[in-house]
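Visitor: kindly return the folded structure for what I paste below:
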Amino acid sequence: MTRLHLHLLSDSTGETLENIAKAALAQFEGVETIRHFWPMVRTQGHLDRILEEIAQNPGLVLFTLVDGKTRMMLETRCRALGLPAVPALDAVTDALSAMLGQQAHGRPGRQHMLDAAYFARVDAIQFTIAHDDGITPEDWEEADIVLAGVSRTSKTPTSIYLANRGFKTANIPIVVESPPPPTLFTLRNPLVVGLTTSADRLIQVRRNRLLSLNQAAETAYVDQEAVAAEVAYARRMFADNAWPVIDVTRRSIEETAAAIIRMVSDRAEA
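Guide: Prediction:
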């Protein structure tokens with residue numbers, strides 16, 4: 001099976017870009033796609049952080065960025081890394097420009113109607129980015145969803161996916177040596193969901209991560225006994241608090257997010 005890191009960069013919610021990528025990937029079989037989703041890319045500082053991740057996980061870069069400086073910076077760095085950077089809408093926009101005799105308006109997110117749903121998605125994305133990896137737990141009560149799980153159980157990409165659907169999502173790593181803040185156990189508004197996976201799969205994902213960072217591949221982070229104990233610790237916590245649990249071992253991020261959205265819907269109807 002071919003493995004592909006796919007980086008999706010958008011200056012808006014990224015919904016258009018994600019649909020384009022999904023439609024194109026459906027034409028190929030035997031591809032394990034690892035998606036890195038980057039919405040609301042509108043500053044060079046934000047792009048700098050993303051480029052570090054792209055360098056660590058080289059692959060195909062698709063983007064819908066209209067700001068000239070941001071685009072140039074992305075394309076220049078990708079050329080230096082030897083990576084393709086594809087502007088997903090340029091061919092269509094250029095064709096329309098030629099047929100209509102007009103220059104396209106270079107405004108970020110212009111394709112979206114500025115309605116309440118759009119602003120809700122933007123608000124959800126901003127909240128989710130600001131509450132990644134256990135940051136600012138004092139605000140978690142404002143979230144719609146809180147994801148908990150050990151390292152490398154896809155908490156962040158799942159959170160971003162949910163945010164793009166309009167759900168304010170925070171996530172917290174479960175670490176044996178550093179228990180979560182008490183806030184996690186007293187939340188009333190958010191749906192807290194535990195993400196788990198098999199120890200063997202987790203070790204594989206973590207080892208690949210270490211190799212991509214040129215770090216030692218044999219540490220406690222990937223030790224069989226330590227990882228099994230870590231997973232068991234998280235599962236006990238989920239059970240003790242009666243949180244719904246999703247095993248992500250054989251699920252895509254889209255499937256995990258869809259299951260969580262159903263939980264939110266069922267909870268609202270109960």
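Visitor: give me the next element, helix or strand, following the helix or strand bottoming out on mean pLDDT in the chain.
Guide: Taking mean pLDDT, DSSP states H and E as the measure, the helix or strand of the chain with the lowest value is helix 90-100, at a mean of 76. Read in the C-terminal direction, the helix or strand following helix 90-100 is helix 116-130, with elements assigned using DSSP states H and E.
Visitor: can I get that following helix in CSV, CA atoms only?
Guide: Once side chains and other backbone atoms are set aside, the C-alpha atoms of helix 116-130 remain, and they are given as CSV (Å, rounded to 0.1, in the frame of the first residue of the first chain):
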residue,chain,number,x,y,z
ALA,A,116,-24.4,32.8,10.4
ALA,A,117,-23.3,29.2,9.6
TYR,A,118,-20.1,30.5,8.0
PHE,A,119,-19.2,32.6,11.0
ALA,A,120,-20.1,29.7,13.3
ARG,A,121,-17.5,27.5,11.5
VAL,A,122,-14.9,30.2,11.6
ASP,A,123,-15.5,30.7,15.4
ALA,A,124,-15.3,26.9,15.9
ILE,A,125,-12.0,26.6,14.1
GLN,A,126,-10.5,29.5,16.0
PHE,A,127,-11.7,28.0,19.3
THR,A,128,-10.4,24.6,18.4
ILE,A,129,-6.9,25.8,17.4
ALA,A,130,-6.7,27.8,20.6
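Visitor: can I see the domain layout of this structure?
Guide: Following automatic domain parsing, one gets these domains for the chain: 2-100, 116-269.
Visitor: I'd guess L8 is in a strand, am I close?
Guide: Yes: applying DSSP: H, G, I helix; E, B strand; the rest coil, one finds L8 inside a strand.
Visitor: which residues touch it?
Guide: For L8, the residues meeting the contact criterion (C-beta atoms under 8 Å, 6 or more residues apart in numbering) are 14, 17-18, 21, 35-38, 62-63. Glycine gets a C-beta too; all of them are placed from N, C-alpha and C.
Visitor: farthest pair within the residues you listed?
Guide: Largest separation among those by C-beta to C-beta: R35 and F63, giving 13.7 Å.
Visitor: which one of the two has more residues nearby?
Guide: Between R35 and F63, F63 has the larger neighbour count (other C-beta atoms under 10 Å), namely 25 against 20.
Visitor: that one in helix, strand or coil?
Guide: Secondary structure assignment for F63 (three-state DSSP): strand.
Visitor: my read: it touches T70, true?
Guide: No: with contacts counted by C-beta atoms under 8 Å, F63 stays clear of T70, the gap being 9.1 Å.
Visitor: just the pLDDT at the residue nearest in space to the middle of the chain, thanks.
Guide: Most central in the chain under C-alpha atoms, centre = their mean is P157, positioned 2.0 Å from the mean C-alpha point. With respect to pLDDT, P157 scores 90.
Visitor: check contacts around it.
Guide: When contacts are counted by C-beta under 8 Å, 6+ apart, P157 is found next to 35-37, 253.
Visitor: mutual contacts of F63 and T70, please.
Guide: Among the neighbours of F63, those also in contact with T70 (C-beta under 8 Å, 6+ apart) are V41.
Visitor: L47 should be in a strand, yeah?
Guide: No: using three-state DSSP, the secondary structure at L47 is helix, not a strand.
Visitor: hmm, it is touching R71, no?
Guide: No: assessed by C-beta under 8 Å, L47 is found out of contact with R71, at 9.7 Å.
Visitor: if we can go back for a sec, which of the domains of the chain comes out lowest on mean pLDDT?
Guide: domain 2-100 (a mean of 88).
Visitor: so N171 is in which element?
Guide: For N171, the element it lies in under DSSP H and E is strand 169-173.
Visitor: check what contacts that strand and list those residues.
Guide: For strand 169-173, with C-beta under 8 Å, 6+ apart as the criterion, the contacting residues are 124, 127-128, 131-135, 137, 139-140, 143-151, 155-156, 158-160, 162-163, 180, 184, 190.
Visitor: selection in PyMOL covering whichever of the residues you listed are buried, please.
Guide: Buried residues within the contacts of strand 169-173, by 16 or more other C-beta atoms under 10 Å, are selected in PyMOL with:
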select buried, resi 124+127+128+131+132+134+137+140+143+144+145+146+147+148+149+150+151+155+156+158+159+160+162+163+180+184+190
